[in-house]
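Novice: The following block contains a protein sequence and its predicted model.
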Amino acid sequence: MQIIHYPHPTLNYKSKPVKRVDAELRGMIAEMFELMYAARGIGLAANQVGLPLRFFVMNLAGAKGEGEELVFINPTISRTTGTDEAEEGCLSLPGVYGPVLRPAEVLFSAYMPNGEKFEQKVSGMFARCVQHETDHLDGIMFIERMDEDSLYQIQPEVDQFELTFERLRSEGKLPTDEEIAAFQKDMEAKYA
């Protein structure tokens, strides 16, 4: 398992709801936390590691053994209030940052791996991270939420990711669209 980078097709794929959690999926969740900590992130969506499933992991402390490890399965945001602009980055676009305007407060619900549902109203970084990761599950990257002027400023960095992706694919170092689709189909048959 590894974190995939923009413009990998799975990042634009709308994830499918998870219908079952088994030991293998729990192992993948644990591995995602390790990847997130190694990359110095605070959130990681399943499709950022190539999984077409609707869940993400989060720890606002960004360090193993600190803060609280949270798993959000089939998250939904039901209500938002206010607006707040802040700089965001993404583990699938490492080193690229830009301002994103989002609701300041959200009410969300999700399931934990044990099947228990939880609902919470959050604000600040918690709300921003939930929205950023839920966007991933809907196939939306933070750069798609940026205004045109801000996006223009980081476009050269984004273009570099596209060039790298094309080069790696031409060298056979990344899976083809057909291989990605076959993997997604297998995972969805097992968990969605």
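Specialist: Yep, that arrived. Numbering: from 1, shown residues only.

Novice: Which residues does the strand or helix carrying Gln153 contact?
Specialist: Gln153 is part of helix 148-170 when elements are defined by DSSP states H and E. With Cβ atoms under 8 Å, 6 or more residues apart in numbering as the test, helix 148-170 has contacts from 5-8, 93, 95-99, 143, 146, 174, 176. Placement of C-beta: from N, CA and C, glycine included.

Novice: Quick one: the residues you listed as CSV, columns for pLDDT too.
Specialist: Conversion of those to CSV gives the following (pLDDT from 0 to 100):
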residue, pLDDT
His5, 97
Tyr6, 96
Pro7, 96
His8, 95
Leu93, 97
Gly95, 95
Val96, 97
Tyr97, 97
Gly98, 96
Pro99, 97
Ile143, 97
Met146, 97
Leu174, 92
Thr176, 93
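
Novice: and the residues you listed, which two are the farthest apart?
Specialist: Farthest pair in those (Cβ to Cβ) is Pro99 and Thr176. Separation: 35.4 Å.

Novice: Pop out the phi and psi values for the most centrally placed residue in the chain.
Specialist: Against the mean C-alpha coordinate of the chain, by Cα atoms, centre = their mean, the closest residue is Ala45 at 2.9 Å. When quoted as degrees, to the nearest 10, the phi and psi of Ala45 stand at phi -90, psi 150.
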